[in-house]
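Asks: Pasting the sequence and the predicted model now:
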Amino acid sequence: MSKKHILKSAGIIGSATVVSRVLGFVRDVLIARFFGTGRYAQAFVVAFRIPNMLRDLIGEGATNAAFVPVLSEYYQRRKREEFWHLANVLLNVMLIVLAVVTFLGVAFAPLIVRLIAPGFIADPEKLRITIYLTRFIFPYILLVGLLAYSMGILNSLKHFSAPAFAPAILNLTIIIGLLLRQGNISALASSILIGGVIQLAVQIPVLYSKGFRFNFASGIFHPSVRRIEILLLPRILGSCVYQINIFVNTMLASLGRIVGEGGVAALYYANRIFQFPLAIFGIALAQAVLPTMSREALESGLEKLRETLSFSLRAVNFIMVPASFGLMVMAGPITSTLFERGMFGSYSTSITSNALVFYSIGLFSYAGIKILVSCFYSLKDTVTPVKTASASLLLNILLGVIFMFPLKISGLALATSISGSFNFFMLFYILNKKIGSLGGRRIFSSFVKVFMASLVMACIVYLSAFKMGLNLFVVIFLGIVSYVLFAFIFGIREAGEFLRWALRRN
């Protein structure tokens, strides 16, 4: 797959993600309006975080780490009948695993909630609501796990659109549920389950058109299942490390006497804004480039793989560095414009925007990690990312405990950014030794130019917003235009790459 096709695939996923994220912001605006950063909001964040954790653990993470490389190889080198037989076996295995996990989650919800939000124990009503919501929402893991399975199959066939638009369906369903029954926390939970069913239903016709036919008689045994398990186990461990990271932040944020009330919800809202540029381009590019990297590692040798990786990192740099500057400068106005209404007051805006500033420092690193980890997966090395993530976890816990006292909730966000940057540089260093030079000088040169263009953009944005008092959306437009202009002035080659790609699409 050429640079053009990689960008095109990333564009499809990114466009779908834009739709999903916009709807997601509408959803979060409604949640903030009806529940603010109070008891119900914090209970919902914790309850929904648990199935989201398992989604990454045995759902989307599985498809990225194990399904796509193995299925891509099968599709290229085997008969189509063998490909679909393996797909059926994987479905049977996932149905059994997801059913067991769902049952255990519902049964042990009280223990799980007490472990990840110990600060809630001091508020019996908040604890009760969180346990209730956790049990109600937990079956969503079965639905989203099957959705992730369909994503793995379709992405292996280089079909990205249907899976990419699925999250938008969930967000739209939640929005409708919130509007129909304003301020009802049970309606919010019900909407998640309904949205999960619709998400999955949309994928079925596409799978059928590609040749999939369900056959439970295929069993649960297949030679390649063992290969997938070998690839998957380290990925599960890696996801565990990542989720422990989230749980530690949740635990620390639940300690209201230290970090302030509403910390759990504030981190959630700040992270939602932070995830917007990360998902639109960083995660989208990583998802689009994984099948290409898998094929290049298998067939084309390391030279093309290094070239694809270098290009992907420079592309991420071109987008994420200015996004990071923009979020840091405009954290307050963005948070206020999106959320400050109803139950979400000035205090909620303050703690959320402060967390967003420190989250934004690590934006480029987290997008770069997605690309580097995809490269390790394409080489069928799922162990190294676990090791670096584990080291990053320990650093995050240490820094989180240190920073939360002077910086409160912002300290947890800063610890996350620093540990993420540490993880990125470790992965880059190891991969550079593993497959040869990744063109570090070229990447660094691009970074310096992008940094300079972004710095000028940040000054223009600051003056426009805080000195001239322009509308937020006008400021964002001026920021984008100024960045693109200075990107060409500073001779950033990636600006030309994106312009030529956009012109070819039109």
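Replies: Looks like it arrived, so ask away.
Asks: Val197 touches Leu143, doesn't it?
Replies: Yes: the criterion here is C-beta atoms under 8 Å, and Val197 meets it with Leu143 at 6.2 Å. For the C-beta atoms, the positions are set from N, CA and C on the backbone; glycine is no exception.
Asks: next helix or strand past the helix or strand hosting Tyr377?
Replies: Using DSSP states H and E, the element containing Tyr377 is helix 363-378. Sequence-wise, the next helix or strand downstream of helix 363-378 (DSSP H and E) is helix 384-407.
Asks: other SSEs contacting that next one?
Replies: With contacts defined as 3 or more C-beta pairs under 8 Å, 6 or more residues apart in numbering; DSSP states H and E, helix 384-407 has these neighbours: helix 223-253, helix 256-259, helix 363-378, helix 409-435.
Asks: any chance of the ones you listed in TSV, plus mean neighbour count and mean pLDDT?
Replies: Supplementary listing: the helices and strands packed on helix 384-407 in TSV, determined by neighbours: other C-beta atoms under 10 Å; pLDDT from 0 to 100:
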stretch	mean neighbour count	mean pLDDT
helix 223-253	19	72
helix 256-259	16	83
helix 363-378	25	85
helix 409-435	21	92
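Asks: now those helices as JSON lines including distance to Ser310?
Replies: Shown next, in JSON lines, are the helices and strands packed on helix 384-407 (distance: least, C-beta to C-beta, whole Å):
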{"stretch": "helix 223-253", "distance to Ser310": "24"}
{"stretch": "helix 256-259", "distance to Ser310": "40"}
{"stretch": "helix 363-378", "distance to Ser310": "10"}
{"stretch": "helix 409-435", "distance to Ser310": "11"}
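Asks: Sketch out the low-pLDDT regions of the stretch 1-150 of the chain for me.
Replies: 1-14, 17, 54-66, 68-69, 72-81 (pLDDT under 70).
Asks: make that the stretch 301-450 of the chain, sorry
Replies: Judged by pLDDT under 70, the stretches of the stretch 301-450 of the chain that qualify are 301.
Asks: Which one of the helices and strands packed on helix 384-407 lies nearest to Val46?
Replies: Between Val46 and the helices and strands packed on helix 384-407, the tightest spacing by C-beta to C-beta is seen for helix 223-253, at 6.5 Å.
Asks: what angle separates the helix holding Tyr377 from helix 384-407?
Replies: Angular relation of helix 363-378 and helix 384-407 on a 0 to 180 degree scale: 160 degrees, by axes from the mean of the first three to the mean of the last three C-alpha atoms, to 10 degrees.
Asks: who wins for proximity to Tyr268 among the helices and strands packed on helix 384-407?
Replies: Among the helices and strands packed on helix 384-407, the nearest to Tyr268 by C-beta to C-beta is helix 223-253 (9.0 Å).
Asks: and the nearest residue to Gly440 once chain neighbours are set aside, how far is that from Leu302?
Replies: The shortest distance from Gly440 to any residue other than its chain neighbours is 6.7 Å, reached at Asn432 (C-beta to C-beta, 6 or more residues apart in numbering). Distance, Asn432 to Leu302, by C-beta to C-beta, to the nearest Å: 12 Å.
Asks: now swap in Gly262 and tell me
Replies: Counting by C-beta to C-beta, the gap from Gly262 to Leu302 is 49 Å.
Asks: Of these two, which one has the most company?
Replies: The residue with more neighbours, out of Gly262 and Leu302, is Gly262; 23 against 14, by other C-beta atoms under 10 Å.
Asks: Please, which helix or strand holds the closest residue to the more buried one other than its chain neighbours?
Replies: Using C-beta to C-beta, 6+ apart and skipping the chain neighbours, the partner closest in space to Gly262 is Thr37 (3.3 Å). Using DSSP H and E, Thr37 maps to neither a helix nor a strand.
Asks: Isn't Thr37 up against Ile351?
Replies: Yes: at 7.3 Å, Thr37 counts as touching Ile351 under the criterion of C-beta under 8 Å.
Asks: residues in contact with Val100?
Replies: Residues in contact with Val100 (C-beta atoms under 8 Å, 6 or more residues apart in numbering): none are found.
Asks: quick one: it and Ile480, what's the gap?
Replies: Counting by C-beta to C-beta, the gap from Val100 to Ile480 is 48 Å.
Asks: the inter-axis angle of the helix or strand harbouring Val357 versus helix 363-378?
Replies: Taking DSSP H and E as the criterion, Val357 maps to helix 346-360. Angle of helix 346-360 versus helix 363-378, following the same axes, to 10 degrees, is 50 degrees.
Asks: Return helix 346-360 as CSV; C-alpha atoms alone will do.
Replies: In CSV, the C-alpha atoms belonging to helix 346-360 read as follows (Å, rounded to 0.1, in the frame of the first residue of the first chain):
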residue,chain,number,x,y,z
SER,A,346,-17.3,27.3,36.6
TYR,A,347,-15.6,25.0,39.1
SER,A,348,-16.1,22.0,36.8
THR,A,349,-14.7,24.1,33.9
SER,A,350,-11.6,25.1,36.0
ILE,A,351,-10.6,21.6,37.0
THR,A,352,-11.4,20.1,33.6
SER,A,353,-9.4,22.7,31.6
ASN,A,354,-6.4,22.5,34.0
ALA,A,355,-6.3,18.7,33.5
LEU,A,356,-6.6,19.2,29.7
VAL,A,357,-3.5,21.6,29.6
PHE,A,358,-1.3,18.9,31.1
TYR,A,359,-2.8,16.0,29.1
SER,A,360,-2.0,18.0,25.9
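Asks: any idea of the angle it forms with helix 409-435?
Replies: Interaxial angle of helix 346-360 relative to helix 409-435 (the same axes, to 10 degrees): 20 degrees.
Asks: Report the buried residues of helix 346-360.
Replies: Neighbour counts using 16 or more other C-beta atoms under 10 Å place 348-360 of helix 346-360 among the buried residues.
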